[in-house]
Each structure stands twice: as structure tokens, then as C-alpha cells.
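Colleague: Fold the stuff below for me.
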Amino acid sequence: MKLHVQQQQTVKLHLTQGLTQAIQLLQYSLAELNSRLDELSLENPLIERKDTDIPRSFYHKTNHQLQRDSGTAHEDLQGALKRQALDLQLSDREKRIFGYLVESLDSNGYVNEQLTFIASALSVPGEEVETVLAKLQTLEPAGVGARSLKECILIQLRRLPRQTADAENVISGYFELFAKKAWKELSARTGLSLSQLQDIQDLVAELSPRPGLLYEAEERNVYIEPDVIIYIQDGALSLELSSRSFPDIQLNSFYEPMLKARTNDDTAAFLSDKYSQWKWLDHALRQRRETMKRVMGEILVRQKDYFLKGKEKIQPLTLKDVADVLGIHESTVSRAVKGKFVQTPYELCELKRFFSAKVKDVSDGHTSSHTVKVQLRRLIEEENKMKPLSDQKLADLLKEQHGIVISRRTVAKYRDQLNILPSSVRKRYE
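Modeller: Residues are numbered from 1 along each chain as shown. Modelled structure (predicted):
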């Protein structure tokens, strides 16, 4: 075997640490950026953040934020149940079982462990576990402590102040048929009319299939503030960047004399290194702000009809469309819009809302997939619920009424994305 020495020239993109950090900085959300700036400020005494503006009244204030404003702490599901249990007058033995049950609840508020396993783990009779579970199921939120969706619904039905015997009979005896909306077979088995079954369906729809999520949703609530605000003045569009999302930094004036002294000691070397970091961060923040202005400016041009005429007028637009006009890479546009929110005249939404695929129309032009979904939702909302529109009929109506050409399969895909059920399940009996 012979060995050969061969030279080969290759070109590789090498990202410096500074460039990598600048790319990360561009895609940071408001919360991520402020967290990163806090970290850098602690590491570098030269970095001083300029005062940011007070958030405008456009932000979305959730229940979690309202609780924080009022000074009340968030109570989780387990805490709420333990508080309510004070009125149950449980024995010490029952308290032990109750505590185990409460801690074993999943995020939906269900008991997933077998009661025989719990009894064995606690070395108590199974009957005692069932007794305590029954007490747990009397607490709020209604349905908590259920072992299945079927039981969860039954618990809630039995606590309603009205007569629910028919509904309880259907759920307890024919739950699978009910879940599949096999109304005709269900009617034959129960003797209830289709109209009565429809009433039961409407009643069950008012109940909560996952009661524990009430507390989970409050925990996940976030304080959303727009990164960009769009104004309409005299028919003209203008944009403003939030200084909290696109902040400025300044050099800490306390250290300026030391930087100018130009000594050769360790302190000077330390300050020189931190000054270089400050310069890089200042440049990166300015570049981030400028990139967002350019990207948002192009979105305003491309989506002018949306801002001036209404949400349904959104045009098809890709990241590449914007990148080509601005002379930047498509990934830069992607990072610039990632996790950013914009306050429009109609709504607070993510910037990615303005990017959607092209859908062909009858005039060989194109419309956006967002617009197609708006029209699709409207057709379904206005349909005769006793004779709901099939996916093929929806495709036909989109073409006839709006000039939109899509297949039945695409209608089904968009309908799924909108969380709209098929026509067979949407059908009502009255």
C-alpha cells in the first residue's frame, strides 16, 4: 500500500465568537435579551443600560400579571385542594391518603395510579382509598380526582343544579358511541331522539374535560409586550421600536478617566478588555435595531393592505422575498422575526403572522394561505349546521366565491390547522 501526500484547498465559513453572539442577540426575544443584558452588566462594570420607556398600553396583561399586580400569590392545584380539605374534617389516616392522592394528580387533575397500588403503597385497605377519593372529588374545580374522561364528565354532570339523568345514562352506558357522535345508533339504543342527543352534546360541551388545566394555564400566562408598534396617521404607516426590546447602552462614566489614563497595570488591561466587550455589544445592539427597522419596513410595504384595509388583506410573503429586497440572508430575516410581537391596528400578533405560503387563484395570481384560512373559517361559521359543508364543497365554494384554487386535501389540512372538526362531527340535530 502506497501513501500519498496531497494538498486540498477548501473554503469553510468560520464564525468568530463575536459573530456567533451577534447572531444570537438578533434572535433573542424581549425577555431573553433583557436577561442576557443583565448577565453582561454584572460581568462588565462598563456596561450601563440607558433608561427604557414605560410600556405602552398595548401589552397583553394576563391573569398571572393581574395577580402579581394585586400582590396575591399564585395558588397551584395541589395547594387549592389542600386548603379546601380543611373543611372535610379528615382523620389523620385520611389526611395521609388525601395527601398522596393530591400529589399524584397529573396536570389535567386526574388520578392516573391504580387505587390498588395506592392502597398497597400506604398499607391501607382499598375501600379507605376509595372513600377519600370520593371526598376529593367533591372539591373544586369540578371533575378533579377523576380517573378517566368519562368519570370526569359524570362528576360534573351530577353536580349541576338541573336534571341530567339522560345525560348521565348516555355517558355511563354508551360513552364510546357518544364520543364518536354515532347519534343514530345511540338513538336506537337509548330511545332518545337526535334532538335530545344534540342537547346532551351541548351540555357536555360546557363542561371541562381537563379541570386541572385551569391552574396550569394561570401558571403559563406571560406578560406580552410588543417589540414593534405600527401607527396609521393620515393614511400613512409608521413604525416604532420599543426601547425595552431594542435598548441602548452607554459607557459607565465612572470608568472613563481610568480608560483615558492609559496605564500598563492589571487594572488597565482588565478595563481594556471590558471596553472592547462594551464596544462590541453597543455595535451589536445598534445592528439588531437597524435590521429590525429594515425588515419591518419591508413588511409594511408588502402588507400595506393588511394594515390599512383589514386582516383579511394579508398578502403571500416569504422570508426569501424580504431577504432578496434587503440584500441579506434569509436566515437573518428568520432570526429578526423570531419570537417578536407587533401591535397592529387590529391585534397584537407575532411577526411571523405576515409570512405565509402562496396559494394559486383562478386568475393565475396568488393569495396567502392566511387569507385562505380566514375565508375557510368564515364559510364554516356561516354554514347550515344541520347540513355542514364537506371538504370538497368547501374547496368548490372557495373557488366560486373567492377565486381560490385548492384541493380537498388542502382544505382538510387547513381545517385541521384551524382546529375545526370534519363535517360529520360538526353536524347538529335539532
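Colleague: Quick one: list the elements packing against the longest helix along the chain.
Modeller: For the chain, the helix with the greatest residue count under DSSP state H is helix 266-302. Applying 3 or more Cβ pairs under 8 Å, 6 or more residues apart in numbering; DSSP states H and E, we find helix 266-302 packed against helix 17-27, strand 47-49, strand 228-233, strand 236-241, strand 249-251, helix 256-261, helix 319-326, helix 330-337. Where you see a C-beta, it was placed from the backbone N, CA and C, and this is true even at glycine.
Colleague: Export only the CA atoms of the last one, formatted as CSV.
Modeller: Coordinates of the C-alpha atoms in helix 330-337 are reproduced here as CSV (Å, rounded to 0.1, in the frame of the first residue of the first chain):
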residue,chain,number,x,y,z
GLU,A,330,-32.9,34.5,4.5
SER,A,331,-31.7,33.2,7.9
THR,A,332,-31.1,36.8,9.1
VAL,A,333,-34.8,37.7,8.4
SER,A,334,-35.8,34.5,10.2
ARG,A,335,-33.8,35.4,13.3
ALA,A,336,-35.0,39.0,13.2
VAL,A,337,-38.7,38.0,13.4
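Colleague: C-terminal to it, what's the next element?
Modeller: Note on helix 330-337: by DSSP states H and E, the next helix or strand toward the C-terminus is strand 341-343.
Colleague: what does that following strand rub up against?
Modeller: Strand 341-343 is touched from outside by 56, 58, 224-230, 296, 348-351, with contacts defined as Cβ atoms under 8 Å, 6 or more residues apart in numbering.
Colleague: are any of the residues you listed buried, and which?
Modeller: Buried subset of these (neighbour count, 16 or more other Cβ atoms under 10 Å): 224-230, 296, 351.
Colleague: Widest-spaced pair of these?
Modeller: Spatial extent of these (Cβ to Cβ) is set by the pair 224 and 296 at 17.6 Å.
Colleague: now residue 385, what's its secondary structure?
Modeller: coil (DSSP: H, G, I helix; E, B strand; the rest coil).
Colleague: There's contact between it and residue 423 in this structure, I believe.
Modeller: No - counting by Cβ atoms under 8 Å, residue 385 does not reach residue 423; the two are 10.1 Å apart.
Colleague: ok, the two, which is more surrounded?
Modeller: residue 423 (18 against 13; other Cβ atoms under 10 Å).
Colleague: give the contact list for the residue nearest to residue 192 when sequence neighbours are not counted.
Modeller: In space, residue 192 comes closest to residue 166 once its chain neighbours are excluded; the distance is 6.3 Å by Cβ to Cβ, 6 or more residues apart in numbering. Each residue near residue 166 by Cβ under 8 Å, 6+ apart is listed here: 190, 192, 196, 200.
Colleague: Buried ones in the host helix or strand of residue 166, by neighbour count?
Modeller: Under the criterion of DSSP H and E, residue 166 resides in helix 165-173. Within helix 165-173, the residues scored as buried using 16+ other Cβ under 10 Å are 166-168, 170-171.
Colleague: same thing with stretch 341-356?
Modeller: In stretch 341-356, counting by 16+ other Cβ under 10 Å, buried: 341-344, 351, 353-356.
Colleague: Among the buried ones among the contacts of strand 341-343, which one lies nearest to residue 100?
Modeller: Closest to residue 100, out of all of the buried ones among the contacts of strand 341-343 and judged by Cβ to Cβ, is residue 224, at 38.0 Å.
Colleague: partners of the closest one in the sheet?
Modeller: Counting by DSSP bridges, residue 224 is bridged to residue 60.
Colleague: how much space is there between it and residue 31?
Modeller: 10 Å (Cβ to Cβ, to the nearest Å).
Colleague: And the strands in the stretch 301-430 of the chain?
Modeller: Taking DSSP state E, counting those that start in this stretch as the criterion, the stretch 301-430 of the chain carries its strands at 341-343, 348-350, 358-360, 366-368.
Colleague: Tell me which of these lies nearest to residue 133.
Modeller: Here strand 348-350 is closest among the strands of the stretch 301-430 of the chain (Cβ to Cβ), at 42.7 Å.
Colleague: and residue 187, what element?
Modeller: helix 183-190.
Colleague: For that helix, which outside residues touch it?
Modeller: Contacts for helix 183-190 (Cβ under 8 Å, 6+ apart): 166, 169-170, 173-174, 177-178, 192-194, 197-198, 429.
Colleague: quick one: which two of those are the most distant?
Modeller: Most distant of those, by Cβ to Cβ, are 173 and 429, 19.7 Å apart.
Colleague: about what we covered before: from the contact counts, what lies against the helix or strand following the helix holding residue 166?
Modeller: Note on helix 165-173: by DSSP H and E, the next helix or strand toward the C-terminus is helix 175-179. Under the contact criterion of 3+ Cβ pairs under 8 Å, 6+ apart, helix 175-179 touches helix 183-190, helix 194-205.
Colleague: Try it again at 10 Å.
Modeller: Secondary-structure packing of helix 175-179 (3 or more Cβ pairs under 10 Å, 6 or more residues apart in numbering; DSSP states H and E): helix 149-158, helix 165-173, helix 183-190, helix 194-205.
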